[in-house]
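S.K.: Task: produce atomic coordinates for the following.
(chains A and B)
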Amino acid sequence: GEDVEQSLFLSVREGDSSVINCTYTDSSSTYLYWYKQEPGAGLQLLTYIFSNMDMKQDQRLTVLLNKKDKHLSLRIADTQTGDSAIYFCAEKEGGSQGNLIFGKGTKLSVKP
Amino acid sequence: ETGVTQTPRHLVMGMTNKKSLKCEQHLGHNAMYWYKQSAKKPLELMFVYNFKEQTENNSVPSRFSPECPNSSHLFLHLHTLQPEDSALYLCASSMGLARDTQYFGPGTRLTVL
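M.R.: Got it, this is the predicted structure:
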């Protein structure tokens, strides 16, 4: 079945850039998403990219999509302590149902 | 605030209890979802409802019983659960299925003793 892989941990210093990587397997994915989960909270939609785009920028967030390699990344510029959270990559399956397939999440720790 | 609320936020129950989780969305969406989030595992889709009709049951045990009385409300009825059912249960909604973004509630942290 479809699979989404992410590294489990990333640690950066405050002010640096963070890059969280994700690979997926479903070549018919329509949309790819990044969600953020803070402790004790649900998933907050951060950004998404349509599968025919290769880049999307939204303030401090930059999403890069390499469809050939099925690789998605999220870059957070000027990372702050408030960015510490778990970041989930998700792909939306092609087809009428369009279920989301999630990775296990990358825990981002930001050190002052 | 995402427009999706869940109650209760925390629930502790014994294996013989019956309880229900509630989800409400104020976004005018037509599709609603239940997910299970366990430690160190990807989110697992449990059920999908579209226009109050169930469109997906992802091989979920019958001790979990969903109910969708209207497009704004979704329930998950629980009975005779097992300790391994302890998890964060997340509700989400979207306008439609195929192309539309899902918005999540804060979740219910369930502990089964």
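
S.K.: so which strand or helix has B:S65?
M.R.: Assigned by DSSP states H and E, B:S65 belongs to strand B:64-70.

S.K.: touching chain A at all, that strand?
M.R.: No. Strand B:64-70 lies apart from chain A when judged by C-beta under 8 Å from any C-beta of the partner chain; the minimum separation is 15.8 Å. Using the backbone N, CA and C atoms, a C-beta is placed for each residue, glycine as well.

S.K.: Can you name the next helix or strand after that strand?
M.R.: Next along the chain after strand B:64-70, taking DSSP H and E as the criterion, comes strand B:73-79.

S.K.: what about that following strand and chain A, touching?
M.R.: No. Using C-beta under 8 Å from any C-beta, strand B:73-79 stays clear of chain A, with a minimum separation of 14.2 Å.

S.K.: so what strands line up beside that strand?
M.R.: strand B:18-25 (antiparallel), strand B:64-70 (antiparallel) (DSSP bridges).

S.K.: buried stuff in the shortest one?
M.R.: Right, strand B:64-70. Using 16 or more other C-beta atoms under 10 Å in any protein chain shown as the test for burial, strand B:64-70 gives B:64, B:66, B:68.

S.K.: Over to stretch B:22-33?
M.R.: Neighbour count says stretch B:22-33 has B:22-25, B:29-33 buried, by 16+ other C-beta under 10 Å.

S.K.: end-to-end on that stretch?
M.R.: 12 Å (C-alpha to C-alpha, to the nearest Å).

S.K.: pLDDT of it, averaged?
M.R.: Averaging pLDDT along stretch B:22-33 gives 96.

S.K.: Over to stretch A:64-82?
M.R.: 96.

S.K.: Within range of chain B, give me the residues from chain A.
M.R.: A:4, A:30-31, A:33, A:35, A:40-45, A:48, A:88, A:92, A:95-105.
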